[in-house]
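Enquirer: Show me how the following folds:
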Amino acid sequence: MKTFFLVVALVVVQLGSVDTFLAILLDRSNRHSDYRQEVAEWVKRLYPTERAGVTYLPESEAREEAFSKLLSIAKRSTKARQYLIQALISVVQDQKAFPETRIDAAWLLGKLRSLESLNILVKYLDLKGIAGSISLTFHPMVSIIVEMGEIAIPYLEKAMNDEKISIREEASLALGEIGGEKAKKVLERALSTETEESVKEAIKWNLNEIRIRSQRKQR
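Expert: Model (predicted):
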């Protein structure tokens with residue numbers, strides 16, 4: 001007990017007053033207790049706004065600020081991180097939300113390297129948004145999964161058996177970009193059982209990409 005009071009006294013001397021010391025303790029306490037409200041407020045900023053009957057997506061600066069704030073909240077405590085992850089998973093699963101909002105939430109889950117969200121991220125691998133309808137080379141969910149690396153391979157292997165052709169095609173692309181022997185074996189097994197021609201072509205193309213990269217490394 002004496003040691004505790006000695007430490008408090010030393011801190012108070014350094015900070016200049018008891019009020020300052022207590023203010024810091026209260027600030028830290030509030031930061032932990034208010035994370036739920038903060039998460040709700042910053043996640044809300046990822047959603048479009050409506051003015052005069054017109055829907056506007058968040059501007060890039062507003063999105064970047066929301067990303068920064070939410071990632072900083074996740075660093076406060078394990079509880080704050082888990083609460084944020086669950087909130088973001090709910091956004092990704094919200095099929096009434098704009099695809100861009102769902103993709104932003106998925107991007108944050110990728111940055112958090114949230115293993116518990118991988119099943120959900122893989123389930124919506126073919127989510128592309130407005131940009132995806134314009135460009136055939138835009139694969140935002142694939143990019144998010146690829147950034148997570150080899151830990152995603154078992155989830156992608158399951159996706160190669162998904163009933164949706166588009167999911168299987170996107171999963172093969174993700175495996176091709178992750179590369180390596182594990183991804184290669186998954187694609188080879190999938191090729192032996194796949195019946196859809198477009199998926200077969202995607203698998204073959206991605207297997208070839210893995211081989212090319214492997215050959216370049218050996219040079």
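Enquirer: hmm, who's touching the longest helix along the chain?
Expert: Looking across the chain with DSSP state H, the single longest helix is helix 197-218. The contact list for helix 197-218, computed with C-beta atoms under 8 Å, 6 or more residues apart in numbering, reads 165, 168-169, 172-173, 175-177, 179-180, 183-184, 187-188, 190-191, 194. Glycine gets a C-beta too; all of them are placed from N, C-alpha and C.
Enquirer: just stretch 139-146 next, same as before
Expert: Stretch 139-146 is touched from outside by 103, 106-107, 109-110, 118, 121-122, 124-129, 131-132, 152, 155-156, 170, 173-174, 177-178, with contacts defined as C-beta under 8 Å, 6+ apart.
Enquirer: sorry, back to before: of the contacts of helix 197-218, buried ones?
Expert: For the contacts of helix 197-218, a burial check counting by 16 or more other C-beta atoms under 10 Å picks out 168-169, 172-173, 175-177, 179, 183-184, 187, 190-191, 194.
Enquirer: Now the two most distant members of these.
Expert: For the buried ones among the contacts of helix 197-218, the farthest-apart pair by C-beta to C-beta is 179 and 194; their separation is 19.5 Å.
Enquirer: Please identify the buried residues of stretch 42-59?
Expert: So stretch 42-59, judged by 16+ other C-beta under 10 Å, has buried residues 42, 43, 45, 46, 47, 57, 58.
Enquirer: Skip the chain neighbours and tell me the closest residue to the fifth one.
Expert: Yep, that's residue 47 we're talking about. Leaving aside its chain neighbours, residue 47 sits nearest to residue 101 (5.3 Å; criterion: C-beta to C-beta, 6 or more residues apart in numbering).
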